[in-house]
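In: Show me the folded form of this:
(one chain, ligands or ions: 1)
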Amino acid sequence: MHKPPLSLTAAGLLMLSLLITSCGSKDPQPDSLYVRMGSKVGIESITDQLVANVGAETGMANSVMLRSHKPMLDAVNGVNGQPPTDPTRLTRLRNNVVDQFTSLTGGPLPYTGKSMLAAHTNMQVTNAEYTAWRALLDQSLTTNKIGTKEKAEFTALIDAMKADVVNH
Ligand code: HEM
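Out: Residues are numbered from 1 along each chain as shown. The predicted structure is shown next:
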C-alpha cells in the first residue's frame, strides 16, 4: 500500500489540529454569560422582546420613547402616506443589537455596527428616556426568564455604555 511521506502526514496532522483549534476558539465558553443567557436563541429572543416593548411604548399616549425613535419609525413606515424611505432600517437595527449583545456577553459574533456614541449622536437621548428604555430591557429579561445573577451581569455591561448614549 502506498504510504504518504512522513512530512506530508505531519503537515496533514498540523492542518487538522489548526482547524480543530480555530473552530474551538470560535465556540463560546460554556460558562460565558452568552451561554448562560441562552446562546443565539436566547439573545435573539431578548432582542426581539426589547424591540416589541419599545414598539408598544411608542404607541402609547404620553410615550417616553416616541421622540427619540421618531426618525427611525418615519423611515420604516413613511410619512403622510409617502412610501417608506428606509423600510429595512428596523431590521438592521435589530440585527446589530443581536450582534452587540452577542459579542458583549462572550458569544461568537463580532459587533460591526456603529459605536454607541456614533449611533446615538444627535438623538439627544435624555436621562429619563434612558431609564424608560432600561425598564423595557429589564422587562424583556424577565419575560425571557433570565436569572438574577445573569440579569445583574448583563445590565452592568449595558449601563457601562450609558455615558456614550445619553445627552449627545
Ligand atoms: C446602553 C444602552 C443602549 C445600547 C447598548 C443601544 C444599542 C444600540 C445599537 C447596537 C444600535 C444600532 C447601531 C447601528 O445600527 O449601527 C442602536 C441604535 C438606536 N438606538 Fe440605541 N442603545 C442603547 C440605548 C438607547 C436609548 C436609551 C434609546 C432611546 C431612548 C436608543 C435609541 C436608539 C435608536 C432610535 C436607534 C436607531 C438609530 C437609527 O436607526 O438611525 N438607544 N442602539
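In: Please name the spatially closest residue to residue 45 (chain neighbours excluded).
Out: residue 144 (5.4 Å; Cβ to Cβ, 6 or more residues apart in numbering). Placement of C-beta: from N, CA and C, glycine included.
In: In this protein, where is pLDDT below threshold?
Out: Residues of the chain that meet the criterion pLDDT under 70 lie in 1-26.
In: Three-state assignment for the residue in it that the ligand sits nearest to, please.
Out: In the chain, the residue that lies nearest the ligand is residue 113 (2.9 Å; Cβ to the nearest ligand atom). Judged by DSSP: H, G, I helix; E, B strand; the rest coil, the three-state class of residue 113 is coil.
In: Ok, residue 60 next?
Out: With three-state DSSP as the basis, residue 60 sits in coil.
In: contacting residues for it?
Out: By Cβ atoms under 8 Å, 6 or more residues apart in numbering, no residues touch residue 60.
In: Quick check on it: phi, psi?
Out: phi -90, psi 150 (degrees, to the nearest 10).
In: For residue 149, see how far away it is.
Out: Taking Cβ to Cβ, to the nearest Å as the measure, residue 60 falls 32 Å from residue 149.
In: So what's the residue count around the residue nearest to residue 45?
Out: Number of residues near residue 144 (other Cβ atoms under 10 Å) recorded here: 19.
In: repeat for residue 164
Out: A total of 14 residues lie near residue 164 under the criterion other Cβ under 10 Å.
In: residues in contact with the host helix or strand of it?
Out: Assigned by DSSP states H and E, residue 164 belongs to helix 162-165. Outside of helix 162-165, the residues within contact range by Cβ under 8 Å, 6+ apart are 115, 116, 117, 120, 125, 130.
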